[in-house]
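Undergrad: Predicted coordinates and the sequence they were generated for:
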Amino acid sequence: MTRYDDTYARWKQDPVGWWQAAAQAIAWDQPPARAFDPAMGVYGRWFPGGRLNTCFNAVDRHVTAGRGKQAAIIWDSPMTGQVETITYAQLLDRVARLAGALAARGVAKGDRVVIYMPMVPEAAIAMLACARLGAVHSVVFGGFAAAELAARIADAKPRAIVTASCGLEPGRIVKYKPLIDAAIALSPHKPSSVLVLQRPQSPCELITGRDEDLLAAEATAAPHPCVSVEATDPLYILYTSGTTGAPKGILRDTGGHAVALHNSMSMVYGVGPGDVFWAASDVGWVVGHSYIVYAPLLAGCTTVLFEGKPVGTPDAGTFWRVCAQHGVKVLFTAPTAIRAIKKEDPEGLHLKRHDLSKLEALFLAGERCDPDTITWSQRLLGKPVVDHWWQTETGWTITGNFRGLGLFPTKPGSGGKPAPGYDVVVLDEANQEVPRGQIGSLAIRLPLPPSCLPTLFNADDRFRDAYLSAHPGYYSTADAGMIDAEGYVSVMCRTDDIINVAGHRLSTGAMEEVLASHPDVAECAVVGVRDTLKGQVPLGLVVLKSGVARADAEIATDLVTMVRNRIGPVAAFKEARVVARLPKTRSGKILRATLRKIADGDDYVVPPTIDDPLILEEVTGVLRAAMR
């Protein structure tokens, strides 16, 4: 048996004992009485009776162990031309003082704090300061529209907000303070205090009696000690868009989060104390929470905090420059970032200019990664490239490959095998497991492992309805896919993106896999469009690589032929259109559901997470022309 097989078998034989052993790596103020109580909460709770502080585990204990001079955070900002290194000792001092500043303004254990920040060190410092106090932070992606921010303020009811005067995007400055002011005006709940990081690119005016300069408040505050909390107390709320329009507050508990994330750094990514780890994401997303801030610091790593883009700041070699300059051991990013780099630099000329000898692996997650992007990355890097699958709700890997357990062979197009902790199955509409190799709804047998959401913030019933009702006894991922004979899991698309063509259930992900393999295609999306004869038919949208000179119509003909040859006439794939860009969320996910509504002529709302609304306008014209 491989080390992975042995570890997974040991977990499955004794799940509670396995996690009890993993919990010994965490510093507890009071060890938990037992690892799991199935009678608590909606489906059970992890580590009841235990007491700890996440900030102590992520910062203080490394200083106490004599590693205060080690770099904790490297802030690399091509947007400002700055690079700053913060040691664990420096981080401890700043976090303790900001915690003191928040406490002086009335923030205490259990209070909520909204953090609305760009990718600057103060974002991570504010998160850790909240954890130090036992306060519950809710990070909202910087630049989010005022109405969406107001909805989160109204739901979380924060005592304080920590923000910045502005964020920086290529070619523009996004002023945050007017958005904060408008959101507070819209919200029925009014926070009593707003701490503002004044950035020199666009300082803002402060409202007397409510707003204060963050750095001044931090500098004059007394350091605050860590507050011990229950393992089952919440650490943070992270809002995700809900199907009803009201945002869902994903809740993360303290003890399970610390245990699972600390364990994942060695088991999944194969890194430990002193290693440089870079998750190229944003603190506004779950990847930023888990793998920019908490997991690397819990494990004693050096984490890279990057303010920039994969292309355009200044070029498609930025990621490779950061890896080389800072000695990154493992890079974790979204497939869309790699596709953007591939589009601009298909031959990897920028990559070849940098010494990547210290980089050992590339991990991809965020949306399904097409096999062509995997093979392109492997060919140029000559390193393992791991596609792994997880969700905001889980907080860490559901399936993947495991550097700490000895990598097994990868299969491009598959997200790997289940992590210890997850019993993944494929179910049909009758809640029965389907045979290996057949597509269905991906679900996880309850209970979920530590760090997965125990519920939604103040919404147990909504949690049950949204996640536990479709398949009783299971958590519904809302992803569709299959498990092959060797146990590899492939996530094909969201369950909403399974299309029914003349009675045949087909995966748009399988069609995208074909389109992405075309040598001229940089990225693509396939959506099912309403059809009076067949029910639905697929429509492909493709973005071409830079420098492609062939006619769009010629490429479209190629694509139709490829899908017909590889999937068959049953797919009824007859339409492919070239577009300049695809509309995406700020985390890089393509807005397929919105595209489908536009193509069907249905009413739709522009998602608040959209990166650039102008792209949606451009694509709308193409979709409507295609459907005439």
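TA: Yes, it's here.
Undergrad: C-alpha only now, for contacts and for neighbours.
TA: Noted.
Undergrad: Which parts of the stretch 101-250 of the chain are helices?
TA: With helices called from DSSP state H, counting those that start in this stretch, the stretch 101-250 of the chain shows them at 121-133, 146-156, 177-186, 214-219.
Undergrad: Distance check, Leu381 against Ser451.
TA: 32 Å (Cα to Cα, to the nearest Å).
Undergrad: ok, these two, which is more surrounded?
TA: Using other Cα atoms under 10 Å, the more surrounded residue of Leu381 and Ser451 is Ser451, with 23 against 19.
Undergrad: Tell me the spacing between Val444 and Val489.
TA: One thing to correct before we go on: residue 444 is Ile, not Val. The gap separating Ile444 from Val489 is 12 Å, by Cα to Cα.
Undergrad: what's next to stretch 228-237, contact-wise?
TA: Stretch 228-237 is touched from outside by 29, 32, 45-53, 110, 131, 134-139, 249-256, 457, with contacts defined as Cα atoms under 8 Å, 6 or more residues apart in numbering.
Undergrad: List buried residues within those residues.
TA: 32, 45-48, 50-53, 110, 131, 134-139, 249-256, 457 (16 or more other Cα atoms under 10 Å).
Undergrad: Could you list which of the residues you listed belong to strands?
TA: Among the buried ones among the contacts of stretch 228-237, the members falling in strands (DSSP state E) are 45-46, 51-52, 136-139, 249-253.
Undergrad: ok, of the residues you listed, which one's closest to Val276?
TA: Closest to Val276 out of those is Val139 (24.1 Å), distances taken as Cα to Cα.
Undergrad: Contacts only, for the closest residue to Pro203 other than its chain neighbours.
TA: Counting by Cα to Cα, 6 or more residues apart in numbering, Ser165 is the residue found nearest to Pro203 once chain neighbours are left out, at 5.6 Å. Contact analysis of Ser165 by Cα under 8 Å, 6+ apart lists Lys175, Tyr176, Lys177, Val196, Leu197, Gln198, Arg199, Ser202, Pro203, Cys204.
Undergrad: now swap in Gln90 and tell me
TA: Remark: with contacts taken as Cα under 8 Å, 6+ apart, Gln90 is in contact with Gly68.
Undergrad: mind checking how far it is from Leu197?
TA: Gln90 sits 18 Å away from Leu197, taking Cα to Cα as the criterion.
Undergrad: what does Val304 give?
TA: Going from Val304 to Leu197 by Cα to Cα gives 20 Å.
Undergrad: neighbour count winner among these two?
TA: Shown here are Val304 and Leu197; by other Cα under 10 Å, Val304 has more neighbours (27 against 22).
Undergrad: Any stretches of the protein with poor pLDDT?
TA: 1, 241-245, 493-507, 532-535, 568, 570, 587, 626-628 (pLDDT under 70).
Undergrad: care to break it down by domain?
TA: Structural domains annotated on the chain: 421-487, 496-627, as defined by automatic domain parsing.
Undergrad: what's the neighbour count on Pro449?
TA: For Pro449, the number of neighbouring residues by other Cα under 10 Å comes to 27.
Undergrad: Show the contacting residues for it.
TA: The contact partners of Pro449, by Cα under 8 Å, 6+ apart, come to Gly421, Tyr422.
Undergrad: Tell me the secondary structure at it.
TA: Reduced to three states with DSSP: H, G, I helix; E, B strand; the rest coil, the structure at Pro449 is coil.
Undergrad: would you list every one of the strands in the stretch 1-150 of the chain?
TA: Per DSSP state E, counting those that start in this stretch, the stretch 1-150 of the chain has strands spanning 36-37, 45-46, 51-52, 71-77, 82-87, 112-116, 136-139. These are given in chain order.
Undergrad: before we move on, what about the stretch 151-300 of the chain?
TA: For the stretch 151-300 of the chain, applying DSSP E, counting those that start in this stretch gives strands covering 160-164, 166-169, 172-175, 193-197, 211-213, 229-230, 234-240, 248-253, 276-279.
Undergrad: So for Arg152, which of those strands sits nearest?
TA: In this view, the strands of the stretch 151-300 of the chain are compared for proximity to Arg152 by Cα to Cα, and strand 234-240 is the closest at 7.4 Å.
Undergrad: Let me know the angle separating the closest one from helix 146-156.
TA: With axes from the mean of the first three to the mean of the last three Cα atoms, to 10 degrees as the basis, strand 234-240 and helix 146-156 are set at 150 degrees to each other.
Undergrad: was I right about Arg445 contacting Tyr474?
TA: Yes. Under the criterion of Cα atoms under 8 Å, Arg445 is in contact with Tyr474, at a separation of 4.5 Å.
Undergrad: between the two, which one's more packed in?
TA: Ranked by neighbour count (other Cα under 10 Å), Arg445 and Tyr474 place Tyr474 first, with 22 against 17.
Undergrad: OK, contacts around the more buried one?
TA: Tyr474 neighbours (Cα under 8 Å, 6+ apart): Ala443, Ile444, Arg445, Leu446, Pro447, Leu468.
Undergrad: quick one: which of those residues has the most company?
TA: Compared across the contacts of Tyr474, Ala443 has the highest neighbour count, 27 neighbours, by other Cα under 10 Å.
Undergrad: hang on, it is in a strand, isn't it?
TA: Yes. Using three-state DSSP, the secondary structure at Ala443 is a strand.
Undergrad: Give the bridge partners for Arg112, please.
TA: Legend: beta-bridge partners of Arg112 under DSSP bridges are Val136.
Undergrad: what about Leu407, neighbour count?
TA: Leu407 is surrounded by 17 other residues when neighbours are defined as other Cα under 10 Å.
Undergrad: so it, which of the three states?
TA: Leu407 falls in the coil class when you classify it by three-state DSSP.
Undergrad: thinking again about what came up before, now the strands of the stretch 1-150 of the chain as JSON lines including distance to His388?
TA: Listed next are the strands of the stretch 1-150 of the chain as JSON lines, based on distance: least, Cα to Cα, whole Å:
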{"stretch": "strand 36-37", "distance to His388": "26"}
{"stretch": "strand 45-46", "distance to His388": "24"}
{"stretch": "strand 51-52", "distance to His388": "30"}
{"stretch": "strand 71-77", "distance to His388": "25"}
{"stretch": "strand 82-87", "distance to His388": "29"}
{"stretch": "strand 112-116", "distance to His388": "28"}
{"stretch": "strand 136-139", "distance to His388": "24"}
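Undergrad: Of all these, which one comes closest to Val311?
TA: Taking Cα to Cα, strand 71-77 is the member of these nearest to Val311, at 13.5 Å.
Undergrad: ok, now which ones touch the residue nearest to Ala151 when sequence neighbours are not counted?
TA: Distances taken as Cα to Cα, 6+ apart place Ser187 nearest to Ala151, at 6.8 Å, with adjacent residues excluded. Taking Cα under 8 Å, 6+ apart as the definition of contact, the neighbours of Ser187 are Ala150, Ala151, Ile153, Ala154.
Undergrad: pretty sure the first one is touching Lys190, no?
TA: No. Contact criterion Cα under 8 Å: Ala150 and Lys190 do not qualify, at 9.9 Å.
Undergrad: Look up the residues that both of those two are in contact with.
TA: Jointly contacting Ala150 and Lys190 under the rule Cα under 8 Å, 6+ apart are Ile184.
Undergrad: Comparing the two, which residue is more hemmed in?
TA: For Ala150 and Lys190, the more surrounded residue by other Cα under 10 Å is Ala150, and the numbers stand at 24 against 18.
Undergrad: Pull the contacting residues for the nearest residue in space to the more buried one that is not next to it in sequence.
TA: Nearest residue to Ala150, sequence neighbours excluded (Cα to Cα, 6+ apart): Ala183, at 4.4 Å. With contacts defined as Cα under 8 Å, 6+ apart, Ala183 is in contact with Ala146, Ala147, Glu148, Leu149, Ala150, Ile153.
Undergrad: Quote the end-to-end distance of stretch 409-422.
TA: The stretch stretch 409-422 measures 20 Å between its terminal residues, going by Cα to Cα.
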